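In: predicted coordinates and the sequence they were generated for:
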Amino acid sequence: MLLFAVLAYGQTPTTLWSYDLPDKVNRTSPVIASDGTVYIACDLSTRETAVPPALPDPNFFAVNSDGTLKWSTSISESNFTKPDAIESSPSINADGSIYMGGKYSRVVFRLNAVTGDTIRTRHINTRQRYTAPVFKTDGSVYICGYDKGDRGLRSLSADLTTENWIFAAGTKFNSTPAIGSDGTIYASSTDGNIYAINPDGTEKWSAAYGSWAATAIAIGTDGSVYLAGETATGGVLVSYSPNDGTENWSIALAMKANHGGPVIADDGTIYLGGAEGRLRAYDPDDGSEVWSYPAAANPALAAIEVVPAIDNNGNIYFGTTDGMFYVLDDGGAEAYTPIDLGDEIKSSAAIASDGTIYVASTDADVGKLFALQTTATGLASGDWPMYAGNIQHTGNVNAVSLSTISNSIENFRIYPNPVNNGELYISTLLNDNKSIQIFNVLGKEVYSKNSITNEKIEIGELTTGIYILKVVENDKVATTKLIIK
């Protein structure tokens, strides 16, 4: 169903449209591709096994930026005939592929973003819950497993064919990891510890935080690592040194904060909600409270079990477990009147590059994806402004890229890039004979041509995605990223 509304500044956020899903949205947050497509999953209450050639009921959806359905598919189990339970979020790798984990299937899916077709699956023999895949700078995948079989944090190749390592096998990880500028991976476990893991899978350090957490970790500009969790007496927000895990500071919370997690504004301020029903702002230097919403003298909200999102005006967006959606300014005052989006919100908001706010809710057991408009024109640019750090959920401080760029050819140029009509032009100072090779993100050659004397190259047979282009002219070489739409 599409629902359009008239723009109304200064009141509630404007509802551009809503899209109805077949069932509830349970701990799944929307992710946004570079073309504006929004990907969201729902958790089906009734999961019937399909008899081939019938397909299992869809539980994963690609929705265009105008609210129309692009495609749907099933993240499934039982030989891919039964929809899986979904309590995790999708992520997008640098080549545009969508990665999504199921709960009971113990499988990671890699999907084609354009068609929804399954590119590859990997059975990892552990259930995935309250997490999302995140990506190393070279596109390798890190995924947490919380129960059964080979639980732990594991590293997989981008194509899912190779398991590089498993860290802390047998330990439950519910969290969404985060990756620092030096490649260190940070993840919290339900054993009460946060772990810093070297890129080779060995432990760098560990530190105790409390008892349990399924929160997403955030990383500040200075490398400080922020974790919220549950303790025996309530909750805790901790800032750790990335070097050795020493606590910069630790703040005891009145109630647990075991879902959601912190975000970081452009000025370093940390925002965190929790079961207490108040969003609080903390000073990054010492953890002192800057403000709370509602103020201490006012009644609390319903529980906040999501990661807030921050727009480029500094406004903060979050929902609560009674279905209300809030927008605050950076001083803790309401920037917009709260809006009722249904029975509950357990989905972290995402802010697209054009400023559209996407959030999912559940209303009468129907999942709804909303597109909302405020004065925002984009996501905040600094630090860690939303769940898993950015709209692709890469969870990485650094940009994730599957190609390298080098050039020894004078005045080397390719255009257009992205390619959108199957034609690529290459020019150099000499415009001499050239040979070219195009590789996919896995390093496999998918196109080659020698003795090219004209500028135009026909590559219409290549599918949408990110590639590596290599050009050789007079023993000089240039390589660059090539995007095909």
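Out: Looks like it arrived, so ask away.

In: mind pulling up the pLDDT for the residue nearest the centre of the chain?
Out: For the chain, His393 is the residue whose C-alpha lies nearest the centre (CA atoms, centre = their mean; 1.5 Å). pLDDT, His393: 97.

In: kindly report the same for the one 5 residues further on.
Out: The predicted local confidence for Asn398 comes out at a pLDDT of 89.

In: for it, give its distance to Gly139.
Out: 12 Å (CB to CB, to the nearest Å). All C-beta spots, glycine's among them, are computed from the backbone N, C-alpha and C.

In: between these two, who's got more neighbours?
Out: Using other CB atoms under 10 Å as the criterion, Asn398 and Gly139 rank with Gly139 on top: 21 against 14.

In: is it true that that one touches Leu156?
Out: No. Counting by CB atoms under 8 Å, Gly139 stays clear of Leu156, with 10.4 Å between them.

In: quick check: bridge partners of Thr480?
Out: When assigned by DSSP bridges, Thr480 has beta-bridge partners Leu469.

In: what's the local residue count around it?
Out: Applying other CB under 10 Å, we find 18 residues neighbouring Thr480.

In: my read: it touches Leu469, true?
Out: Yes. The criterion here is CB under 8 Å, and Thr480 meets it with Leu469 at 5.5 Å.

In: which neighbours do these two have in common?
Out: The contact sets of Thr480 and Leu469 overlap at Ile414 (CB atoms under 8 Å, 6 or more residues apart in numbering).

In: what's the spacing between Val306 and Glu289?
Out: Between Val306 and Glu289 the computed distance is 20 Å (CB to CB).

In: more neighbours: these two, which one.
Out: Val306 (25 against 11).

In: ok, now which ones touch the residue lying closest to that one once chain neighbours are set aside?
Out: Setting aside the residues directly before and after it, Val306 is nearest to Ser348 in space (CB to CB, 6 or more residues apart in numbering), at 4.3 Å. Counting by CB under 8 Å, 6+ apart, Ser348 makes contact with 29, 89, 216, 260, 306-309, 318, 359, 386-387.

In: swap in 6 Å and give it another go.
Out: Shown in contact with Ser348 (CB atoms under 6 Å, 6 or more residues apart in numbering): 29, 306-307, 387.

In: I'd like the residues you listed as JSON lines, with pLDDT and distance to Trp249 appended.
Out: Shown next, in JSON lines, are these (pLDDT from 0 to 100; distance: CB to CB, whole Å):
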{"residue": "Ser29", "pLDDT": "98", "distance to Trp249": "28"}
{"residue": "Val306", "pLDDT": "98", "distance to Trp249": "24"}
{"residue": "Val307", "pLDDT": "98", "distance to Trp249": "20"}
{"residue": "Tyr387", "pLDDT": "98", "distance to Trp249": "23"}
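
In: top of the residues you listed by neighbour count?
Out: Val307 (30 neighbours).

In: that residue is in contact with Gly260, isn't it?
Out: Yes. Contact criterion CB atoms under 6 Å: Val307 and Gly260 qualify, at 5.2 Å.

In: point out where the chain drops to low pLDDT.
Out: Counting by pLDDT under 70, the chain shows low-confidence ranges at 1-10, 401-407, 441-444.

In: now do the domain split for it, please.
Out: According to automatic domain parsing, the chain comprises the domains 14-389, 406-484.

In: winner for burial among these?
Out: domain 14-389 (a mean of 20; mean count of other CB atoms under 10 Å).

In: what about stretch 451-462, start to end distance?
Out: Taking CA to CA, to the nearest Å as the measure, stretch 451-462 stretches 20 Å from start to finish.

In: if we look at it, which residues are touching it?
Out: Contacts to stretch 451-462, defined as CB under 6 Å, 6+ apart, come from residues 422-427, 433-434, 484.

In: dump the residue contacts of Ser105.
Out: Counting by CB under 6 Å, 6+ apart, Ser105 touches 77, 84.

In: how far away is it from Thr14?
Out: Going from Ser105 to Thr14 by CB to CB gives 39 Å.

In: cool, and Ile86?
Out: From Ile86 over to Thr14 the distance is 29 Å, taken as CB to CB.

In: what do you get for Lys256?
Out: For Lys256 relative to Thr14 (CB to CB), the value is 34 Å.

In: tell me the secondary structure for the residue nearest to Val306?
Out: Classification of Ser348 using DSSP: H, G, I helix; E, B strand; the rest coil returns coil.

In: show me how far stretch 366-377 is from its chain's centre.
Out: 17 Å (CA atoms, centre = their mean, to the nearest Å).

In: what does that stretch contact?
Out: Here stretch 366-377 makes contact (CB under 6 Å, 6+ apart) with 13-14, 16-21, 23-25, 40, 42, 311, 313, 341, 355-361.

In: from these, which land in strands?
Out: With strands taken from DSSP state E, the overlap with the contacts of stretch 366-377 comprises 14, 16-20, 40, 357-361.

In: of those residues, which is the nearest to Phe439?
Out: Ile40 (31.9 Å; CB to CB).

In: quick one: the nearest residue to the closest one once chain neighbours are set aside and Asp138, what's the gap?
Out: Leaving aside its sequence neighbours, Ile40 sits nearest to Pro30 (CB to CB, 6+ apart; 4.7 Å). Using CB to CB, Pro30 is found at 26 Å from Asp138.

In: and Ala196, which of the three is it?
Out: With three-state DSSP as the basis, Ala196 sits in strand.

In: contacting residues around Val134?
Out: Neighbours of Val134 in contact, by CB under 6 Å, 6+ apart: 142, 177, 394-395.

In: a markdown table for these, including distance to Glu203 and secondary structure?
Out: Shown next, in a markdown table, are the contacts of Val134 (distance: CB to CB, whole Å; DSSP: H, G, I helix; E, B strand; the rest coil):
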| residue | distance to Glu203 | secondary structure |
| --- | --- | --- |
| Tyr142 | 15 | strand |
| Pro177 | 14 | coil |
| Thr394 | 23 | coil |
| Gly395 | 19 | coil |
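
In: in CSV: these, plus distance to Glu473.
Out: Shown next, in CSV, are those (distance: CB to CB, whole Å):
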residue, distance to Glu473
Tyr142, 39
Pro177, 43
Thr394, 34
Gly395, 39
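
In: which one of the residues you listed is nearest Gly96?
Out: Nearest member of those to Gly96, counting by CB to CB, is Thr394, at 12.3 Å.

In: that closest one against Phe135, yeah?
Out: Yes. Using CB under 6 Å, Thr394 is in contact with Phe135, at 4.9 Å.

In: overlap in contacts of the two?
Out: Common contact partners of Thr394 and Phe135 (CB under 6 Å, 6+ apart): Val400.

In: what sits closest to the residue nearest to the centre of the chain if chain neighbours are left out?
Out: Ser91 (3.9 Å).

In: got it, and Ile426?
Out: Distances taken as CB to CB, 6+ apart put Ile414 closest to Ile426, at 5.3 Å, once the chain neighbours are dropped.

In: check the offset of the helix or strand harbouring the one you found from the chain's centre.
Out: Here Ile414 sits within strand 413-415, counting by DSSP states H and E. With CA atoms, centre = their mean as the basis, strand 413-415 stands 31 Å off its chain's centre.

In: just to revisit the earlier point, and which of the contacts of stretch 451-462 is nearest Asn243?
Out: Nearest to Asn243 among the contacts of stretch 451-462 is Ile484, at 41.6 Å by CB to CB.

In: residues contacting that closest one?
Out: 419, 462, 464.

In: what are the contacting residues of the helix or strand containing Ser292?
Out: In this assignment (DSSP H and E), Ser292 forms part of strand 289-293. Residues outside strand 289-293 that contact it (CB under 6 Å, 6+ apart): 278-281, 283, 328, 332.
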